[in-house]
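Novice: Compute the structure for the input listed below.
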Amino acid sequence: VQLARIKGASYIAATSRQRTLVKRLGADIVVNYMREDWWEKEEFVKDPFDVIIDCVGDPFSFQLSENVLKMGHGAGRFVDIAGDSSIPPDTSHWFRGLRPRRPRPNPLVLCGSSLPRYRRIETTRLGDEIAMVLRLLRDEKLAIVLHNAGSFPFTRYGIQDAFRVIGSGNAHGKVVVAVCTDPCY
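Specialist: Down below sits the predicted model:
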């Protein structure tokens with residue numbers, strides 16, 4: 001949400017059970033996916049999206065998004081960065097994944113149809129992107145959200161507890177394991 005806003009997204013909709021947090025991070029609207037089906041939301045169907053970025057990895061999200069992605073000239077794009085798909089990833093881009101350096105012709109457009117396009121991106125550690133994120137952090141333009149349980153100790157049980165939180169799907173923020181609590185380090 002924060003990076004989309006920084007990169008100039010004019011309207012951001014997000015799915016989360018943490019409405020207040022996601023709004024604070026810059027979303028214009030937050031849909032509680034436990035109560036509503038975002039792909040059937042009337043306002044999204046009437047005014048479809050240019051881009052949907054899937055950060056969770058539901059294998060059916062692309063198919064579900066067909067009703068809410070733009071069709072025709074300038075068809076919408078579905079970008080999967082979660083990696084829970086059988087479609088091979090495009091590893092040539094990370095943050096710039098929304099605008100490929102060498103656009104490939106969409107065979108559906110060449111045949112007279114302009115359907116939404118799918119792209120899968122795997123996160124890689126590219127120097128320019130990491131440097132950009134570090135600058136944003138330094139300039140306090142990005143907020144780091146930590147899971148409300150605090151940090152877990154660097155013990156067998158602490159690490160197991162951290163993985164339980166991550167595996168539960170209820171981690172709202174980064175889960176931290178404190179390797180060293182000495183403030184001198």
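Novice: contacts and neighbour counts: CA atoms only from here.
Specialist: OK.
Novice: can you tell me the helix or strand for Ile144?
Specialist: Using DSSP states H and E, Ile144 sits in no helix or strand.
Novice: what number of residues lie near it?
Specialist: By other CA atoms under 10 Å, 11 other residues sit near Ile144.
Novice: residues in contact with it?
Specialist: With contacts taken as CA atoms under 8 Å, 6 or more residues apart in numbering, Ile144 has the following neighbours: 173-174.
Novice: And the pLDDT for it?
Specialist: Predicted confidence (pLDDT) at Ile144: the value is 87.
Novice: Sheet partners, orientation included, of the longest strand seen in the chain?
Specialist: When every strand of the chain is counted residue by residue (DSSP state E), the longest turns out to be strand 146-153. Here the strand partners of strand 146-153, with direction, are listed using DSSP bridges: strand 174-178 (parallel).
Novice: Other residues contacting the strand it pairs with?
Specialist: Identification of contacts with strand 174-178 by CA under 8 Å, 6+ apart yields 144-147, 150-154, 158-159, 162, 165-166.
Novice: Next one: Ala143 from Val175, what distance?
Specialist: In this structure, Ala143 lies at 15 Å from Val175, with CA to CA, to the nearest Å as the measure.
Novice: Looking at the two, which one has more neighbours?
Specialist: Taking Ala143 and Val175 together and counting by other CA under 10 Å, Val175 has the greater number of neighbours (19 against 11).
Novice: Distance of the more buried one relative to Val165?
Specialist: For Val175, the distance to Val165 under the criterion CA to CA works out to 8 Å.
Novice: What is the three-state secondary structure of Val165?
Specialist: When the structure is reduced to helix, strand and coil (DSSP: H, G, I helix; E, B strand; the rest coil), Val165 reads as helix.
Novice: My read is that it contacts His172, right?
Specialist: No: in this structure Val165 lies outside contact range of His172 using CA atoms under 8 Å: 9.5 Å.
Novice: center of the chain, which residue is that?
Specialist: Computing the C-alpha centroid of the chain and ranking residues by CA atoms, centre = their mean puts Cys55 first, at 3.2 Å.
Novice: Do I have it right that that one meets Ile81?
Specialist: Yes: Cys55 is within contact range of Ile81, at 5.5 Å (criterion: CA under 8 Å).
Novice: so where do the strands sit in this structure?
Specialist: Secondary structure of the chain, counting by DSSP E: strands at 13-15, 29-31, 51-54, 77-80, 117-120, 146-153, 174-178.
Novice: Now the second one: buried residues?
Specialist: With burial defined by 16 or more other CA atoms under 10 Å, the residues of strand 29-31 counted as buried are 30-31.
Novice: How far off centre is it?
Specialist: Centroid separation for strand 29-31 versus its chain: 14 Å, with CA atoms, centre = their mean, to the nearest Å.
Novice: Can you give the contact residues for that strand?
Specialist: The list of residues contacting strand 29-31 from outside it, by CA under 8 Å, 6+ apart, reads 12-17, 19, 22-23, 38.
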